[in-house]
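Chemist: Sequence first, then the predicted structure:
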Amino acid sequence: MEAILLTIVLAPLVGAIIAGLFRNQVGKIGAHSVTILGVGISCVLSLYVLWLHAFQGAPVYNESVYVWMVSDGLRMEIGFLVDNLTAMMMAVVTFVSLMVHIYTIGYMAHEEGYERFFSYIALFTFSMLMLVMSNNFLQLFFGWEAVGLVSYLLIGFYYKRETAIFANMKAFLVNRVGDFGFILGIAAVAMYFGSLDYKEVFDKAPLLADTGIDIWGDTAWSLMTVICILLFIGAMGKSAQVPLHVWLPDSMEGPTPISALIHAATMVTAGIFMVARMSPLYELSETALTFVLVIGATTAFFMGLIGIVQNDIKRVVAYSTLSQLGYMIAALGASAYAAGLFHLMTHAFFKALLFLAAGSVIIGMHHAQDIRKMGGIRKYMPITHWTALLGSLALIGFPGFSGFFSKDAIIEAVHHSQIAGAGYAYFLLVAGVFVTALYSFRMYFLVFHGEGPRDEHAKAHLHESPWVVTLPLVLLAIPSVFIGYFTVGPVVFGDFFDGVLTVAATHDTLGQINFEGAFGFMLHALFTPPLYLALGGLAVAWYVYTQKPEIARNLAIKFDWAHFILDRKYGFDEFNQMVFAGGSKFLGKFLWLVGDRAVIDGLAVNGSAHSVGKLAMVMRVLQTGMLYHYAMAIIIGLLLLLGWFVLRG
């Protein structure tokens, strides 16, 4: 098994190295061939590992590959933990990544840096695999930072654009805030558990459940609460939760394929995976669970509202990702880890589909991205249209589609939760269903329906994308429609995650749901609000944006204050620019003036040089060149020495 796992994780890395370092030798064809081969091998082997664990009952694999360092008894290792959770994540990551690699051949065909881009996305896949396959916090942190590094490179791929440079620096800095909390959490684990190995930490966790620590003041803080919240701050950065969400919409500055890879299967899902993996810790702190639940529900609803006023096709889908990540996080807060992970899986397929479909439209529109300039594209791009429609229906949770099963399971679980904040979260998640349907089908109707594109140049040349673009759309549409129906039973309500996830008996919200099969789950939806809210949002979008478009214009004028707030994204960017960026600039300028110029330059560097110069000027006067002057100086010095000895005696 070790050979298979090493092949899975190293094959994309080998492809990335060849495409990146030897791009001049292998050329475009060689670059995409070697990276697709590497990711393809990983995908096939990952599906084999999933088959072994899901259908053959393979035992959990938890072994160290090598010991990197031992410091004061703390072992820092590279190793693999492969169970049903890992196997599912490996399959999702590699399959979506393979689709993105194939799609990239068509999308980036005429772009500069073609070989470099393939090297980056293969390296991205390697980084995510290292993260999800880790069996210890050290390797988790390595993968965590590696996906952050590669996302920085990919968001700023168009490095000649000022907006791209700003976006990748913004992503990098915001994630540093989250990662500071994350590494503090890992440090606390190492300090109090004396180990970085998952199994050892999880085994010791119940023994330290009531441990208090002093941070400041006289109040003892719960060790578990502190560790879980610190780790979750890292997840807030990676998985773009309020208020550390601001980097994700700007990541659209990168090419569309990487938008699909970041938003669907890699970086943003790292936080959800990490919290689920740490369920033995989170179950020991209701305070941490409440914090997670409230942050997730807040993100799900309020980020969805911003999607209603976005006009860039990629940004609409980006805010959809923010909202759906909020649903996943809320599920984790309600201890419905299986439902959150299930939504992660289904979302990976239909969100990758929507991003790649948006990219296909952008290709057809000659890189125009404003949905107000589109319309009627379904007549020119039928494959893109139908796959985008299927992805949109999955996103809004239309009955029978994969998103329906995962989203409704989350809402039902939160409804049954008894922890603090559950009522608030349930209301926002249910209301978010209507919002999701509204912005999703606003985009769909504006792009694919109507008389035709308002850009005449694009309209004259509009046609379906090449097969390397449409094939991944079709392959992603299949699981977007069907995978939920066939897997919701074993994954969410069955024993798929038995022995992997830990759920306290008092937190078992999924166990309170009466699941009578996938079809019975669909029938149950007829008696719950989410179904009718989704259909209502779809109907409103159809009526407003196809039948009476003046309604939208009039509402924007009448409620201009609300439109202004949403268009300004609640002012988070301005606040960060003024307070954090402005404060950092002020602090830097202050330290430069006081520390650098006054102390270091003024006293240490220039001051010492100035003092030496002054001393040299004095000594220069004494150097007359007259022999009797030097003889007199020697005599005076000798007399002074004799006098000193006499006085001492």
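Modeler: It's in.
Chemist: State the number of residues packed around His610.
Modeler: Residues near His610, counting by other Cβ atoms under 10 Å, number 12. C-beta here means a position set from N, CA and C on the backbone, and glycine is covered the same way.
Chemist: Which elements pack onto the host helix or strand of Ala338?
Modeler: According to DSSP states H and E, Ala338 maps onto helix 337-364. With contacts defined as 3 or more Cβ pairs under 8 Å, 6 or more residues apart in numbering; DSSP states H and E, the packing partners of helix 337-364 are helix 84-107, helix 256-260, helix 270-277, helix 313-333, helix 382-396, helix 402-416, helix 467-488.
Chemist: low pLDDT regions in the stretch 51-200 of the chain?
Modeler: For the stretch 51-200 of the chain, no stretch is flagged by pLDDT under 70.
Chemist: Show me where it has its helices.
Modeler: With helices called from DSSP state H, counting those that start in this stretch, the stretch 51-200 of the chain shows them at 84-107, 114-132, 137-155, 162-193, 198-204.
Chemist: I'd like to know which elements the last one is packed against.
Modeler: Just to be clear, that refers to helix 198-204. The contact analysis (3+ Cβ pairs under 8 Å, 6+ apart) places helix 198-204 against helix 162-193, helix 279-282.
Chemist: any idea which of the ones you listed is most buried?
Modeler: Of all these, helix 279-282 carries the top mean neighbour count, a mean of 24, counting by mean count of other Cβ atoms under 10 Å.
Chemist: Looking at Met374 now. What's its pLDDT?
Modeler: Each residue has a pLDDT score; the one for Met374 is 88.
Chemist: got it, and Trp644?
Modeler: At Trp644, pLDDT is 80.
Chemist: Pull up the gap between Tyr327 and Met274, please.
Modeler: Taking Cβ to Cβ, to the nearest Å as the measure, Tyr327 falls 17 Å from Met274.
Chemist: And these two? Which one has more around it.
Modeler: When Tyr327 and Met274 are compared for neighbours, Tyr327 comes out ahead with 31 against 24, by other Cβ under 10 Å.
Chemist: Can you give me every residue that contacts that one?
Modeler: Applying Cβ atoms under 8 Å, 6 or more residues apart in numbering, we find Tyr327 in contact with 296, 300, 340, 343, 407, 410, 429, 432.
Chemist: again, only this time at 7 Å
Modeler: Contact partners of Tyr327, counting by Cβ atoms under 7 Å, 6 or more residues apart in numbering, are 300, 343, 407, 410, 429.
Chemist: what's the burial count for the residue nearest to the second one when sequence neighbours are not counted?
Modeler: Distances taken as Cβ to Cβ, 6 or more residues apart in numbering put Ser406 closest to His343, at 3.7 Å, once the chain neighbours are dropped. Ser406 has 31 neighbouring residues, counting by other Cβ under 10 Å.
Chemist: So the residue positioned nearest the centre of the chain, which state does it fall into?
Modeler: Residue closest to the mean C-alpha point of the chain, counted by Cα atoms, centre = their mean, is Val268 at 2.3 Å. Look at Val268: counting by DSSP: H, G, I helix; E, B strand; the rest coil, its state is helix.
Chemist: for the nearest residue to it once chain neighbours are set aside, phi and psi?
Modeler: In space, and not counting its chain neighbours, Val268 is closest to Ser239: 5.2 Å by Cβ to Cβ, 6+ apart. When read as degrees, to the nearest 10, the backbone of Ser239 gives phi -100, psi 20.
Chemist: roughly how far apart are Ser239 and Thr321?
Modeler: Counting by Cβ to Cβ, the gap from Ser239 to Thr321 is 10 Å.
Chemist: my guess is Leu501 is in a helix, correct?
Modeler: No. Applying three-state DSSP, one finds Leu501 to be coil, outside a helix.
Chemist: Quick check: pLDDT value at it.
Modeler: The model's pLDDT for Leu501 equals 93.
Chemist: now it: how far from Arg442?
Modeler: Distance of Leu501 to Arg442, given as Cβ to Cβ: 37 Å.
Chemist: The two - which one has more neighbours?
Modeler: Arg442 (24 against 21).
Chemist: Spatially, what comes nearest to that one if we skip its sequence neighbours?
Modeler: What sits nearest to Arg442 in space, not counting adjacent residues and going by Cβ to Cβ, 6+ apart, is Ala541, at 4.8 Å.
Chemist: wait, isn't the one you found in contact with Leu438?
Modeler: Yes. The criterion here is Cβ atoms under 7 Å, and Ala541 meets it with Leu438 at 5.4 Å.
Chemist: Kindly list the main-chain dihedrals of Pro466?
Modeler: phi -70, psi 170.
Chemist: Give me the distance between it and Ala260.
Modeler: According to Cβ to Cβ, Pro466 and Ala260 sit 17 Å apart.
Chemist: what about these two, which has more around it?
Modeler: Ala260 (33 against 14).
Chemist: residue contacts, that one?
Modeler: Contacts of Ala260 by Cβ under 7 Å, 6+ apart are 100, 352, 355-356.
Chemist: quick one: contacts for Tyr152?
Modeler: Shown in contact with Tyr152 (Cβ under 7 Å, 6+ apart): 168, 171-172.
Chemist: Recalculate using a threshold of 10 Å.
Modeler: By Cβ atoms under 10 Å, 6 or more residues apart in numbering, the contact list for Tyr152 reads 167-169, 171-173, 175, 251, 254.
Chemist: Go ahead and measure how far the one helix or strand Tyr628 maps to is from the middle of the chain.
Modeler: Taking DSSP H and E as the definition, Tyr628 sits inside helix 627-648. Offset of helix 627-648 from its chain centre (Cα atoms, centre = their mean, to the nearest Å): 78 Å.
Chemist: How about residues contacting it?
Modeler: With contacts defined as Cβ under 10 Å, 6+ apart, helix 627-648 is touched by 622-624, 626.
Chemist: right, and out of the residues you listed, which lies closest to Asp370?
Modeler: Among the contacts of helix 627-648, Gln623 lies closest to Asp370 (Cβ to Cβ), at 79.1 Å.
Chemist: What's the separation between the closest one and Trp467?
Modeler: Distance check for Gln623 against Trp467: by Cβ to Cβ, it reads 88 Å.
Chemist: Give me the more crowded residue out of those two.
Modeler: Taking other Cβ under 10 Å, Gln623 and Trp467 do not tie; Trp467 has more neighbours (13 against 9).
Chemist: what's the distance between the residue nearest to Arg442 and Tyr439?
Modeler: For Ala541, the distance to Tyr439 - Cβ to Cβ - is 8 Å.
Chemist: circling back to that earlier point, which among the helices of the stretch 51-200 of the chain is found nearest to Lys379?
Modeler: Closest of the helices of the stretch 51-200 of the chain to Lys379 is helix 84-107, at 21.0 Å (criterion: Cβ to Cβ).
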